[in-house]
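Undergrad: The following block contains a protein sequence and its predicted model.
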Amino acid sequence: MAEGNDSTEKTLEPTEKRLQDARKKGDVPTSKETGNMVVVMALLGIIAFVLPLQTPKVVDALTSLIDQSASLTVATGAPGVARLGQIISEFALNLALTVAPIFGVLLLGGAIGAAIQGETVIAFERIEPKLSKISPAEGLKRLFSANSLVEFVKSIIKVFAIGGLAIWFTDQAVRKIWMTSGFLPEFLPAYLVEASQKLLMAAAILLVPIAIADIMWRRFDWRKKQRMSQKDLQDEIKESEGSPEIRSKRARRRRELSQQRTIAVVPIADVILTNPTHYSVALKYDPASDMAPVCIAKGADLVALRIREIGFEHDIPIIENKPLARLLYDTVEIDQVVPVEHWEIVAEIISFVFDLKNNKPRKAPEGSVLRTRLN
């Protein structure tokens, strides 16, 4: 029973595939507090920078419309309707151009908020109707979760903090009005703008650490939810790589293809070194381009036998040198040159082989034997 519990306990860190699958489903860490912070900062930017520039334009457009109302003539019938539509269209265009920067700031704030949170995904699976969303059991589970507790604590902090700030700033603003002598009604709009800026600035400063803490919590909680059990990891490996039987077949097929490629290049070898029966190493050397002989094929047991058979079929010299053949088999990979510490003895063998090809027979190097038959 203990082993069964261990296999289902989610204690393993999520794999990259697990995280990618969650993102594809739209399951990414999102912070509402970041959105709230960005909205407050956007409002602060609008009040501080946009409204002082755009408000006079709106006032001018309304004033112009009102001033021209007495002199505007609108006929009856279709011409009158067309003229009225023209007047309204001109006013609406001026108003839209004036208000457009406000929406631009809000859109920029939304983009900055998304960038701060990291990645944004669009997944239709998140909006599909599911029974679990209206299940009372699932609802209670979400209600008493750690995430709900964090949300509750954040809400309490925000209510008391921002509510306290609003009360304090309002009290200070009203006191300043009563204590300022000669305060005229026309001063009120500018005074309200200034007080709103101070309140939004304080709220933004307060929301910054809350947003940072919320982002960190959301990412931690999201990654914790993506943790895997041993069984999850095994299932993922099976899904991505297949069952052990399939992996074994693939490995066997790769070995077969590798052996086929190895055997296919044996006919171009200059010499084959043997052990004499267990190992075979085929070397190729081109003095014009190669610094040292290159291992173009090697094999053990049956593959070694097949290399020797092809060597005899194509009249490739086969040199028996037990220690050298085993050493090269263990230390040199296919398409790699012979290590420098073995150049001297390999060079003697290559020289001997080239002399044979040039009809200059001589004694084989010490420790090496020219094979004349296949064992």
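TA: Now that the structure is in, tell me what you want to look at.

Undergrad: show me where this protein has helices.
TA: 2-8, 16-24, 32-45, 51-69, 77-117, 136-143, 146-179, 188-225, 230-241, 244-264, 302-313, 322-331, 343-357 (DSSP state H).

Undergrad: Quick check: mean pLDDT of the fifth one?
TA: Okay, so that is helix 77-117. Across helix 77-117, pLDDT averages out at 77.

Undergrad: Arg308 and Thr274 touch, don't they?
TA: Yes: with contact defined as C-beta atoms under 8 Å, Arg308 counts as touching Thr274 (6.3 Å). Placement of C-beta: from N, CA and C, glycine included.

Undergrad: so who does Val332 touch?
TA: Val281, Cys295, Lys298, Val338, Pro339 (C-beta atoms under 8 Å, 6 or more residues apart in numbering).

Undergrad: hang on, the last one packs against Thr331?
TA: Going back to what we said before, that points to Pro339. Yes: using C-beta under 8 Å, Pro339 is in contact with Thr331, at 6.2 Å.

Undergrad: any shared contact partners between Arg308 and Thr274?
TA: Taking C-beta under 8 Å, 6+ apart as the criterion, Arg308 and Thr274 both touch Ser280, Ile318, Arg371.

Undergrad: Throw these into a markdown table and include pLDDT, distance to Val50 and neighbour count, thanks.
TA: Formatted as a markdown table, the shared contacts of Arg308 and Thr274 follow (pLDDT from 0 to 100; distance: C-beta to C-beta, whole Å; neighbours: other C-beta atoms under 10 Å):
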| residue | pLDDT | distance to Val50 | neighbour count |
| --- | --- | --- | --- |
| Ser280 | 90 | 82 | 29 |
| Ile318 | 89 | 88 | 24 |
| Arg371 | 78 | 92 | 16 |
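
Undergrad: ok, the residues you listed vs Leu302, which is closest?
TA: Ser280 (10.5 Å; C-beta to C-beta).

Undergrad: Dig out what that closest one forms beta bridges with.
TA: When assigned by DSSP bridges, Ser280 has beta-bridge partners Thr274, Gly299.

Undergrad: that older thread, among the contacts of Val332, name the buried ones.
TA: Val281, Cys295, Lys298, Val338 (16 or more other C-beta atoms under 10 Å).

Undergrad: Distance of the last one relative to Ala347?
TA: Going from Val338 to Ala347 by C-beta to C-beta, to the nearest Å gives 9 Å.

Undergrad: Contacts only, for Val266.
TA: Val266 neighbours (C-beta under 8 Å, 6+ apart): Ile272, Ala282, Ile296, Ala297, Ile307, Ile310, Gly311, His314, Ile316.
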